[in-house]
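Requesting a structural model of the entry that follows:
(chains A and B)
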Amino acid sequence: MPEHTFRVNGEQVTVDVDSDVRLLWVLRDILGVTGPKYGCGINVCKACTSHLNGRAFNPCAVPVRDLGPGDEVTTIEGLAATAGADLHPMQQAWLDHDVVQCGYCQPGQIMAAVDLVRRVAAEGREITDADLDGIRNICRCGTYARIREAIRAAAAAGG
Amino acid sequence: MTTSRRRFLGYVLAAPVLVAAASPGEAQAAELLDLNDIMTAAALPTSGLISVEINADGTVSFALPRAEVGQGITTSTAMLIAEELAVPLHRVKITLADARPELLFNQMTGGSNTTIATYTPIRVAAAVARQRLLAAAATEFGSSDLRLADGVISTRDGRRIGIGELATKAASPRTLAVPVELTAKDDFTVIGRPHGRIDARDAVTGRKKFAMDVTVPGAKPAMVCRPPTINGKPGTVANLDEVRAMPGVTDVVTISTGVAVRADTFGQCIDAVRALRVTWRPGTVEGKSDTTVLRELASAELPLGPRPITPYVEGRFTFHFRSNSALEPNCAIADVRGGRAEIWSALKSPIVARQTIAARLGLPVSAVTVHVTEGGGSFGRKLFFDAALEAAELSQKLGKAVKLMWHRADDSRQGRTHPMATSRVRIAYAGNLVLGFEQRHTSVTTDLGHGLGELFTAMAAKLPIGDKAFAQTFFQFSHTSPYDFGLHSRLLSETGKGFNTGSMRNVYSPDTTCARELVVDQVAARMSRDPYRFRHDLLRGDRSRAVLRAAAEAGGWGRALPAGVAQGIAFHSEYKGVSACLVEIDCRPETVNRPIRDGVAGPRVTRAVFAVDVGLAVNPLGLEAQMMGCVMDGIALALTSSLHLRDGYFLEASWDNYFYTRQWNTPPDLRIIIMPSDSDQPGGAGELGVSAAMAAVACAYGRATGTMPTTFPINHGTLSFVPKPTVPPIPASPVDGLDHVR
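Numbering: from 1, shown residues only, chains lettered A, B, ... in the order given. Below is the predicted model of the structure:
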């Protein structure tokens, strides 16, 4: 089987797996990185949202062959380290607003939120209701209102 | 268990460290007034088997015999123990108990009953431990003038000892009965104060472990190729060898529900499932559709009483099938080898699961261990254990451990649903007087065969309603009459089998309440009364009126709004709680038709104010979260979320087909009001809020559009997606993920 080398949460990994296995399963079933969750497998629910080279993506829709040695995958487990702290400001905002209920979708929600704040900041503007309406991550517990509050707070704090 | 108002009897259990429990109790028949009383009473006799343990490191352990699926009961339980034991909350370690058959009816998570049933027994156990620790410290110090705070016992002259150091000294070699007094409500420092979830940090860092995150040696991913119609059965497989040879695949075998695949990764399971060529035998609802089920419901409907001679208003409402699929799909790990079985799954009825799995495997119950894992949502789904049963069957057949998960498409199409129902309501009146209320609720049969039925059977002799069918009993006991509407008559009729059904954040109430509240609006209109004032004047009880008033005042009931935007208000009481919801909905074309990719826009609820009084709120922050979630469910049920049945299968196979509330449907203005309460008893919260929220959205929609809605959700008539194929049963995994990176 072909070998694939890339970086996950700051460490280089090499996996020996078929080239078209989607990255979500490489992370979860081979590397034991279980923060990204399965919710649909077709890039719809966004529960697996992680970052590739600092931008949000959904590993359920990316064959492992698409990654190379220069690619850095950040999952929820590695998010805090990108901020050089025990918790990323977005994770702290999540705690401050007691966002979580069952928690299953929340790693994906947080990773999507960090990316949204990055994009909006890059455009030099404030988060709008339309930005928040545009988040596609589903939460079956219905934590949406607290997610909105936490994102606004983290964005205001420069997170 | 009660010896006086605040004095209770508990036990110190024989153990090497201090272990304390409440004493078993028995409820009097006269106390059984509603569904929750019955569930609480059924749990009481075994409350002595649930214990609080003091550890040498100063922590306190408690194995909660309930499922945590997001409702926050591990946090509220830790709060109860922290209060009575005067230990810091972070030192209370809550785990979920394995299935314990000796607990009988005291290990089922349902009916929003957890806090109601466990509130006193858990505090009694903790209070016994506190008393025992103080007694041990008194011996140690030669003084009984002691103070216990922050897990440390101190004397006036400054000597101190941690409870961990007393764990062994306070233990008893034999079981002792101990009378204890519980902390008075006025002295609470933990209960009733808002507290963040104890598992929040694990959840936001990805450390929280759900069933599929648990590592069990040898347990490889497994999925099942399922039939194209509901509950179809597998026939022959044309290409077994070919699929067995696919990359990563270790096993392919036919089981009772389909053809199972085990592989190195779930991705390879998906590919193998899609490659299988199976002939299928018919399902259990072959050829049925929304239309044929509606006809069955119509013919099963019980007649209303004789036509009143006074004026009356009637309404007939349809509620389509809905999915109770949680974000974590059905899943379980099973290791069945060498005459033993070990199961890991989020289970709300683990005792029944254990017994059923043992029977299916032909093993004695004692050879089956069932671990309850943290659940990624339930909404009724996890009362059943479909995946655990399947995983056990597969593991036994292969002689290998499996980590079995349903694909989302399976979870939506073959998973359990809230049954389709109709509700007919008639309210008779004369002048300004309401004379009578009749409701005939007709539903596809709800499967309650997860232990609740057994619980009721066991309690039947104590119930004042005699030998009515279980569902009818459940219906009557879960429906109280909030309004002073004269003569009441409510009857349930269930029909039809063959669907995989279950409760969904309540069973009947969101539908029955929605139907009732819509007709209440009609009666108010006939009487030229304001719908809020009309409800307020006819509600029974100060708590009910107060909660309605709170929602109306905070929400600005009656304020001027543009044409196409309107308010609705509704009330619901259940689980010993009362609730009211005010919503504003924007039904203007520019809102309804706003562009949403692969989703449903539709009317937008722009404001929701939800007032709730559950009595004593153990954790107001948790209660607030529950109510917010209930509002999201109510919005979905009224406006967007349903399953379409066609040719014996449901069309929905994705979260972009089944339109649960998304960010673009969320009210920008959402407020939860928790009413002050002088009650010293908590009520249930998990399901309470859905009914009033759904009804308020429906009433607001009716007012905004000028037409009372009669079919729910309102968009059911428009199919807003292209249905995915049924063969293969699950969609291909996309390969274009990087094209969407922004």
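
The lowest-mean-pLDDT helix or strand in chain B packs against which elements?
When each helix and strand of chain B is scored by mean pLDDT, DSSP states H and E, helix B:452-459 comes last, with a mean of 71. Other elements packing on helix B:452-459 under the criterion 3 or more Cβ pairs under 8 Å, 6 or more residues apart in numbering or on different chains; DSSP states H and E are helix B:35-43, helix B:470-478. To be clear about C-beta, it is placed using only N, CA and C from the backbone, and glycine gets the same treatment.

With just CA atoms, put it into CSV.
Extracted C-alpha coordinates of helix B:452-459, given in CSV (Å, rounded to 0.1, in the frame of the first residue of the first chain):
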residue,chain,number,x,y,z
LEU,B,452,-41.3,1.9,29.9
GLY,B,453,-44.0,-0.6,29.2
GLU,B,454,-42.6,-3.0,31.7
LEU,B,455,-42.3,-0.2,34.2
PHE,B,456,-46.0,0.6,33.8
THR,B,457,-47.0,-3.0,34.0
ALA,B,458,-45.2,-3.4,37.2
MET,B,459,-46.9,-0.3,38.6
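
Throw the helices and strands packed on helix B:452-459 into TSV and include mean neighbour count, mean pLDDT and distance to chain A, thanks.
Compiled in TSV, those are given as follows (neighbours: other Cβ atoms under 10 Å in any protein chain shown; pLDDT from 0 to 100; distance: least, Cβ to the nearest Cβ, whole Å):
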stretch	mean neighbour count	mean pLDDT	distance to chain A
helix B:35-43	25	84	22
helix B:470-478	19	75	22
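
Look up which residues are beta-bridged to the spatially closest residue to B:Met675 that is not a sequence neighbour.
Nearest-residue entry for B:Met675: B:Asp613, 3.8 Å, with adjacent residues in sequence omitted and distances by Cβ to Cβ, 6 or more residues apart in numbering or on different chains. Counting by DSSP bridges, B:Asp613 is bridged to B:Val578.

residue boundaries of the helices in chain A?
A:23-25, A:76-82, A:89-96, A:106-122, A:129-133, A:144-156 (DSSP state H).

Report all helices and strands that the longest one contacts.
By that I understand helix A:106-122. strand A:50-52, strand A:55-57, helix A:76-82, helix A:89-96, helix A:144-156, helix B:200-205.

Can you list the low-confidence ranges for the stretch 401-550 of chain B?
Along the stretch 401-550 of chain B, the parts satisfying pLDDT under 70 run over B:457-458, B:460-469, B:480.

One more: chain A?
Using pLDDT under 70, the flagged stretches of chain A are A:159.

what do you get if the cut-off is 90, keeping everything else the same?
Applying pLDDT under 90 to chain A flags the ranges A:1-2, A:157-159.

okay, now the domains of it?
As given by automatic domain parsing, the domain ranges for chain A are A:3-75, A:83-156.

could these be laid out in JSON lines, adding mean neighbour count and distance to B:Val259?
JSON lines is the format used below for the domains of chain A (neighbours: other Cβ atoms under 10 Å in any protein chain shown; distance: least, Cβ to Cβ, whole Å):
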{"stretch": "domain A:3-75", "mean neighbour count": "21", "distance to B:Val259": "19"}
{"stretch": "domain A:83-156", "mean neighbour count": "22", "distance to B:Val259": "28"}
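
so which of the ones you listed gets nearest B:Ala149?
Closest to B:Ala149 of those, according to Cβ to Cβ: domain A:83-156, at 25.8 Å.

okay, how far is it across that closest one, tip to tip?
Domain A:83-156 has its terminal residues 16 Å apart, counting by Cα to Cα, to the nearest Å.

Over to stretch B:67-78?
14 Å.

Give me the contact status of that stretch with chain A.
Yes - Stretch B:67-78 reaches chain A (Cβ under 8 Å from any Cβ of the partner chain) through B:69-72.

Who wins on neighbours among those?
B:Gly70 (33 neighbours; other Cβ atoms under 10 Å in any protein chain shown).

And for that one, nearest residue in space, chain neighbours not counted?
B:Gly70 sits nearest to A:Cys102 (Cβ to Cβ, 6+ apart), 2.8 Å away.

Just to check, the one you found is in contact with B:Ala346?
No - using Cβ atoms under 8 Å, A:Cys102 is not in contact with B:Ala346; the gap is 9.2 Å.

is any part of stretch B:373-389 close to chain A?
Yes - on the criterion Cβ under 8 Å from any Cβ, stretch B:373-389 is in touch with chain A at B:374-377, B:379.

Take those residues and lay them out in a markdown table including pLDDT, secondary structure and neighbour count.
Supplementary listing: those in a markdown table, determined by pLDDT from 0 to 100; DSSP: H, G, I helix; E, B strand; the rest coil; neighbours: other Cβ atoms under 10 Å in any protein chain shown:
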| residue | pLDDT | secondary structure | neighbour count |
| --- | --- | --- | --- |
| B:Glu374 | 97 | strand | 25 |
| B:Gly375 | 98 | coil | 27 |
| B:Gly376 | 98 | coil | 31 |
| B:Gly377 | 97 | coil | 27 |
| B:Phe379 | 94 | coil | 30 |
